[in-house]
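**Student:** Got a sequence here, can you model it:
(one chain, ligands or ions: 1)
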Amino acid sequence: MDTSLLHFHRPRFMFVASNGRTSLDLVSNFGVWKNVDREKTIGCIGVSLKCEKMVRRHWRSNKRAMRMNAGKGEDQNESEDAFEATIEKSKKVLAVQKQLLEQIAERRKIVSSIKNSIISTEEDVASYNASDDVNVKRFGESDEEPERSLPLELYSSDVNFPIVGKIVSDSVQSDVLPSFLSKTSESHVLDNNDKEKLEETCFEDVNVETNIAPGEEEAKPPPLAGANVMNIILVAAECAPWSKTGGLGDVAGALPKALARRGHRVMVVVPRYSNYAELSDTGVRRRYNITGQDVEVTYHRTYIDGVDFVFIDNHMFHHIEHNIYGGERVEILRRMILFCKAAVEVPWYVPCGGVCYGDGNLVFIANDWHTALLPVYLKAYYRDNGLMSYTRSVLVIHNIAHQGRGPVTDFSSMDLPGHYIDLFKLYDPIGGEHCNIFAAGLKAADRIVTVSHGYAWELKTLDGGWGLHGIINENHWKLSGIVNGIDVKEWNPQVDSHLQSDGYSNYSLENLQTGKPKCKKALQKELGLPIRHNVPLIGFIGRLDDQKGVDLIAEAIPWMVGQDVQLVMLGTGRPDLENMLRNFENQYHDRIRGWVGFSVEMAHRITAGADILLMPSRFEPCGLNQLYAMGYGTIPVVHAVGGLRDTVQPFDPFNESGVGWTFDSAETNKLIHALGNCLYTYREYKTSWEGIQKRGMMQDLSWDNAAQNYEDVLVAAKFHW
Ligand SMILES: Nc1ncnc2c1ncn2[C@@H]1O[C@H](COP(=O)(O)OP(=O)(O)O[C@H]2O[C@H](CO)[C@@H](O)[C@H](O)[C@H]2O)[C@@H](O)[C@H]1O
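**Tutor:** Down below sits the predicted model:
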């Protein structure tokens, strides 16, 4: 280190941001030294921080002396100005130093996570090879030598930290980076996502405007998850914004980001239904045996908001994003088997940011019956054979009504050891003896989560468990209810991109009374409804099926049209219910619109433009639309069931509390009663109405709380043997 840098009696250097890169320019009162060796300079930071206090003391005493001589001439005034300026510069230096230290800490974290992954990957390989020795056949593989698609250098014990090396050679001199990040690996080729990730972490702008107090220099907060930081892989059949047929897509798109914000390394694995623009091919190819056929999958990846999104590609998944769960039962089953077989091996074979996740300190989060095979495969082919010993699985129930039921003969297509049939075989009065994938997943998973407390309770009942209540009760010790959150980037009236055209407007709590009416007007215009400010506009968004209680709305429509209201219903599903929507629109063209289709934009616009959102669901594990509605100042009227009961506290006019209206059983007259009270309040008690809107909007509905609760479950799973 150049010790001359330490012999200063006045502020000597400051770092300047230029062109989005951290160029370190050394500035003194006497001159400027450009492009000083970054490593040396960063090395100096620690020392200079200590010197900072000394320097400040020195300046202060100089300044006092200056003041004593005040009035003795212009020279002194100029000197004082110069001192003020140098103090300002010093503050800037401190700000930049703080940021650099934060970046160093961040990079240390990355490097140590890379090292951990490498160690666990080596362990995997060792046990993988050991398993070859004892001739353990892993699912989906023929008797041939298993191919290893992962670049072998990643297994090497003296592996460099390749990710930075490549970027460095592309864009900056390696010697301007801290030494622990500057090793290079010629053999590893980065994809564009790697570069994006690295550029995000390595080359953030240095903002010199921050003022910090002395002593705060190293105040980089630890990850919110603290010592519980782990690798998490969420596996789902859909993930917004790429694929979404309902609430599962929203959850898979948002929960992982909230977990990543807590400091975990998080991946989402999802089928690749289309040729999504932002993906790049990882080059990894694997083959799996699916009902006797050798099927190849490839893995594509992107990195967004701190999360690795890995897409599994095979022609079976192509062009079905609007019909993910549709088609012949046997075809759906083959897709889900392939997806689960390929997903469970992602941590071994798919490098993310240059390095695989590995199977140590890893938890899978599977979702609904479509991925309920994953916990079973994890157990049957890996943990039972001493592989992936430290990997755990959590199965989330979003909707127990769909279970992957089929004849017992389905079991043979799953390619599992014979005794595993006991997990799948179930008898109930509806299906008789059958093969039940959800049942097997619930038994095999280390922990079970469902999406509200209310639904966790309902699942244990004869009515709510849909034949699986017995299994849920037997496994109640591992069941938790965690209410979903909402993605506050996606669903936020202040920034909602669907409200930025066609007369819609972004709004917030502050301008609710002007912004929301604009959206209402724009919605009426877009739908071709009479533009009337004072008519209550009621919305419904959802799948058209028994669950969502659309038939209750249908029965209430004759009453509704006599109430001078407008109604817009958006949904797809059962053809008879779709026709019903069309018929209502034809019959009551001046006040009802039935939009048959799946339109994310229209869902956002209805949520913003409507005054009231109806959710008469017969059962609702959590429900997201009522959460979105409350965030947009739209008042929910809901059947108090499952997550709707957990999240919509009924309005109490005596205490001016509550955020909506509820009714206690799924009956038309109860819906009418609750909606009647709601309309009465809308018309007669404007102040109460605004209070309900504001209380709804002021709630913290973000995923952050839920993510913390998930973390508790993941930790419990981790220590479950
Ligand atoms: N026609 C359409 N056009 C555009 N968007 C549409 C649409 N129909 C529905 N959507 C959107 O799909 C999502 C539906 O979410 P929900 O939570 O209400 O229901 P779903 O029953 O699918 O989810 C299940 O999983 C979720 C997540 O756990 C649970 O909340 C829920 O109770 C459970 O039934 C919302 O984002 C909604 O806006």
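**Student:** CA atoms for contacts and neighbours, from now on please.
**Tutor:** Noted.
**Student:** Test for you: state the pLDDT assigned to the one residue in the stretch 251-400 of the chain that gets nearest to the ligand.
**Tutor:** Residue of the stretch 251-400 of the chain nearest the ligand, by Cα to the nearest ligand atom: residue 398 (4.4 Å). On pLDDT, residue 398 comes in at 98.
**Student:** Tell me the helices and strands packed up against the strand or helix carrying residue 677.
**Tutor:** Element membership of residue 677, judged by DSSP states H and E, is helix 668-684. Using 3 or more Cα pairs under 8 Å, 6 or more residues apart in numbering; DSSP states H and E, the elements in contact with helix 668-684 are helix 550-561, strand 635-639, strand 661-663, helix 686-698.
**Student:** Do me a favour and average the pLDDT over the longest one.
**Tutor:** Same thing as helix 686-698. For helix 686-698, mean pLDDT rounds to 98.
**Student:** again, but for stretch 701-708
**Tutor:** Stretch 701-708 carries an average pLDDT of 96.
**Student:** quick check, that stretch touching the ligand?
**Tutor:** No - figure legend: stretch 701-708 not in contact with the ligand (Cα under 6 Å from any ligand atom); closest approach 11.9 Å.
**Student:** For the protein, what lies in contact range of the ligand?
**Tutor:** Counting by Cα under 6 Å from any ligand atom, the chain sits next to the ligand at 246-248, 251, 398-399, 451, 541-543, 570-572, 597-600, 603, 620-625.
**Student:** Leaving out sequence neighbours, find the closest residue to the most centrally placed residue in the chain.
**Tutor:** For the chain, the residue sitting closest to the mean C-alpha position, by Cα atoms, centre = their mean, is residue 254 at 2.6 Å. In this structure, residue 254 finds its nearest non-sequential neighbour in residue 487, 5.6 Å apart by Cα to Cα, 6 or more residues apart in numbering.
**Student:** ok, the residue of the stretch 251-400 of the chain closest to the ligand - contacts?
**Tutor:** Counting by Cα atoms under 8 Å, 6 or more residues apart in numbering, residue 398 makes contact with 248, 367-368, 450-451, 621-622.
**Student:** Number of residues surrounding residue 277?
**Tutor:** A count of neighbours around residue 277, defined by other Cα atoms under 10 Å, yields 7.
**Student:** re earlier: buried deepest among the helices and strands packed on helix 668-684, which one?
**Tutor:** Across the helices and strands packed on helix 668-684, the average number of neighbours (mean count of other Cα atoms under 10 Å) peaks for strand 635-639, which reaches a mean of 29.
**Student:** partners of that strand in the sheet?
**Tutor:** According to DSSP bridges, strand 635-639 forms sheet pairs with strand 612-615 (parallel), strand 661-663 (parallel).
**Student:** Can you tell me how far residue 718 is from residue 231?
**Tutor:** Look at residue 718 and residue 231: by Cα to Cα, to the nearest Å, they are 11 Å apart.
**Student:** Assumed residue 234 was part of a strand.
**Tutor:** Yes - under DSSP: H, G, I helix; E, B strand; the rest coil, residue 234 sits within a strand.
**Student:** Burial check on it, number of neighbours?
**Tutor:** The local packing of residue 234 (other Cα under 10 Å) involves 23 other residues.
**Student:** is it true that it touches residue 364?
**Tutor:** Yes - between residue 234 and residue 364 there is a contact under Cα atoms under 8 Å: 5.7 Å.
**Student:** residue contacts, the residue nearest to residue 238 when sequence neighbours are not counted?
**Tutor:** Nearest non-adjacent residue to residue 238, counting by Cα to Cα, 6+ apart: residue 249, 4.9 Å away. When contacts are counted by Cα under 8 Å, 6+ apart, residue 249 is found next to 237-241, 243.
**Student:** How about residue 298?
**Tutor:** Shown in contact with residue 298 (Cα under 8 Å, 6+ apart): 281-286, 312-314.
**Student:** Let's see that with 7 Å instead.
**Tutor:** By Cα atoms under 7 Å, 6 or more residues apart in numbering, the residues touching residue 298 are 284-286, 312-314.
**Student:** can you put the residues you listed in CSV and add distance to residue 586 and neighbour count?
**Tutor:** As requested, those are exported to CSV (distance: Cα to Cα, whole Å; neighbours: other Cα atoms under 10 Å):
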residue, distance to residue 586, neighbour count
284, 53, 17
285, 53, 18
286, 53, 19
312, 44, 22
313, 43, 23
314, 43, 18
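**Student:** Please identify which of those residues is nearest to residue 98.
**Tutor:** Using Cα to Cα, residue 284 comes nearest to residue 98 of the contacts of residue 298, at 40.1 Å.
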